[in-house]
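Visitor: Fold the following for me, if possible:
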Amino acid sequence: MWLNYVWFGLFVVIVAGYLILDGFDLGVGILHLSLARTDTERRVLLNAIGPVWDGNEVWLVVTGGVLFAAFPMVYASLFSGFYIAMMFVLIFLIMRTVAIEFRSKRPGQGWRRVWDFWFFIASFGIALLLGVAIGNIIIGLPIDGQGNMAITTLALLGPFPLMVGVTTVFMLAMHGCFYLAMKTEDDLHTRVLRYIPRLMLVFTLLMVVLVVWLFVGNFQLAVNFKTLVWPILIPVLALGVMLVAYRAFRQRHYFVAWVHSSLTILLLLGAVGFGLYPNLLISTIDPAYNLTIFNAASQPNVLTVMLVFALIGMPFVLLYTASVYYIFRGHVVIGPRSY
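Guide: The predicted model follows:
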């Protein structure tokens, strides 16, 4: 049974890895139209993520692969209910990639404005839909005894999931701003520094509203928090980490601030995981239909083989990721081969 616990923890960490790494890419896209004022500044934003954005998206593939192999029932249920929403995410991922690659292929301002718009819309759409998905998982979904989910796409856009989606947008915008503080100079850098406190304030206020809503709505996650008590310390710790990030930002330690922004995302996702435990998906039809880390998991031999491959492969992935970020550290310099 320990394998189920291990893969539950690893899955939460992998999802957090995607939100942390591709999250700042999405944050840069969300800020693309409002933060950058000139064509050169928008090229700086694109080249700030240029060497790493495609590698960061691999974490989304890893997330799907781990879910499919470790918890196939959850994978199947999510696709039965989230299929259209996932197709929108796929379309946004494609359009975001096309926008990054096509934008600077022609010098015309009209051409570039079109792809700037798509870069923003795709980044915003992905962040919003990911947050909406997490919000629906928190409040529960209509899952029957066979694990099927009967829900329309419009029904997924309820008030609470949309609130989680909006909060996710501001969280990733803040995270992207911390990253840009390390990569920009001059007027653009000054503007980035003005944005960070505002985004932190809005994100913090939205999180407070969400936490209050969770307990007032008496969702299962809040019930688990009340029962166990100690998991509520995780959001409190996340708030403390945010304050450390702000202090590091004020002291111009931008990398330290970005690391603490990443820890905030990890802690908040960990809080969701602990709040749902041992459930992965909560059924609003009957609690007996909940998909847990036990009844929705693959056989122990499958989980064992996966763990062996993870222990062998993950160090190489982390080493490669760290080396890419180290090689392309420093401020962005626009060259003839830049985006």
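
Visitor: what about Tyr263, how many neighbours?
Guide: Just so we're on the same page, residue 263 is Leu rather than Tyr. 18 (other Cβ atoms under 10 Å). Where C-beta positions appear, they are placed from N, C-alpha and C, glycine not excepted.

Visitor: Which residues are in contact with it?
Guide: 238, 241 (Cβ atoms under 8 Å, 6 or more residues apart in numbering).

Visitor: any idea how far Leu243 is from it?
Guide: 12 Å (Cβ to Cβ, to the nearest Å).

Visitor: mind listing what's buried in the helix or strand of the chain with the lowest mean pLDDT?
Guide: Within the chain, confidence by mean pLDDT, DSSP states H and E is lowest for helix 220-228 among all helices and strands, at a mean of 76. For helix 220-228, burial by neighbour count (16 or more other Cβ atoms under 10 Å) applies to 220-222, 224-225.

Visitor: again with stretch 243-257
Guide: 244-246, 248-249, 254, 256-257.

Visitor: what are the C-alpha coordinates of it, in CSV please?
Guide: Provided in CSV are the C-alpha atoms of stretch 243-257 (Å, rounded to 0.1, in the frame of the first residue of the first chain):
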residue,chain,number,x,y,z
LEU,A,243,5.9,37.4,2.8
VAL,A,244,9.5,36.1,2.5
ALA,A,245,9.2,36.4,-1.3
TYR,A,246,8.0,40.0,-0.9
ARG,A,247,10.9,40.8,1.5
ALA,A,248,13.4,39.2,-1.0
PHE,A,249,11.9,41.3,-3.8
ARG,A,250,12.2,44.5,-1.8
GLN,A,251,15.9,43.6,-1.2
ARG,A,252,16.4,43.0,-4.9
HIS,A,253,17.1,39.3,-4.4
TYR,A,254,14.9,38.4,-7.4
PHE,A,255,15.9,34.8,-7.7
VAL,A,256,15.2,34.2,-4.0
ALA,A,257,11.8,35.8,-4.5
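
Visitor: Beyond the least confident helix or strand of the chain, next helix or strand please.
Guide: helix 233-250 (DSSP states H and E).

Visitor: Contacts only, for Gly165.
Guide: Applying Cβ under 8 Å, 6+ apart, the residues near Gly165 are 127-132, 135.

Visitor: mind putting these in TSV, secondary structure, neighbour count and distance to Arg191 included?
Guide: Formatted as TSV, the contacts of Gly165 follow (DSSP: H, G, I helix; E, B strand; the rest coil; neighbours: other Cβ atoms under 10 Å; distance: Cβ to Cβ, whole Å):
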residue	secondary structure	neighbour count	distance to Arg191
Ala127	helix	28	21
Leu128	helix	24	24
Leu129	helix	21	28
Leu130	helix	24	26
Gly131	helix	23	25
Val132	helix	23	29
Gly135	helix	24	31
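
Visitor: where along the protein do the helices fall?
Guide: Using DSSP state H, the helices of the chain run over residues 2-35, 39-49, 53-70, 72-102, 109-139, 159-183, 186-217, 220-228, 233-250, 254-276, 300-327.

Visitor: Pick the most buried one from those.
Guide: helix 159-183 (a mean of 24; mean count of other Cβ atoms under 10 Å).

Visitor: and that one, what's its mean pLDDT?
Guide: Helix 159-183 shows a mean pLDDT of 96.

Visitor: I'd like the numbering to begin with 12 instead of 1 from here.
Guide: In the new count, where the first residue is 12, that last one comes out as helix 170-194.

Visitor: For that helix, what is the distance to the chain centroid?
Guide: How far helix 170-194 lies from its chain's middle: 9 Å, per Cα atoms, centre = their mean, to the nearest Å.

Visitor: just stretch 165-173 next, same as before
Guide: For stretch 165-173 - counting by Cα atoms, centre = their mean - the centre lies 18 Å from the chain centre.

Visitor: how long is that stretch from one end to the other?
Guide: 11 Å (Cα to Cα, to the nearest Å).

Visitor: repeat for stretch 300-313
Guide: Start-to-end, stretch 300-313 (Cα to Cα) is 23 Å.

Visitor: Which positions in it come out as buried?
Guide: Neighbour count says stretch 300-313 has 300-304, 307-309 buried, by 16+ other Cβ under 10 Å.

Visitor: With pLDDT and distance to Leu330 added, can I get the residues you listed in JSON lines?
Guide: Converted to JSON lines, the buried residues of stretch 300-313 look like this (pLDDT from 0 to 100; distance: Cβ to Cβ, whole Å):
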{"residue": "Tyr300", "pLDDT": "93", "distance to Leu330": "42"}
{"residue": "Asn301", "pLDDT": "93", "distance to Leu330": "38"}
{"residue": "Leu302", "pLDDT": "94", "distance to Leu330": "34"}
{"residue": "Thr303", "pLDDT": "94", "distance to Leu330": "34"}
{"residue": "Ile304", "pLDDT": "93", "distance to Leu330": "29"}
{"residue": "Ala307", "pLDDT": "92", "distance to Leu330": "32"}
{"residue": "Ala308", "pLDDT": "93", "distance to Leu330": "29"}
{"residue": "Ser309", "pLDDT": "93", "distance to Leu330": "28"}
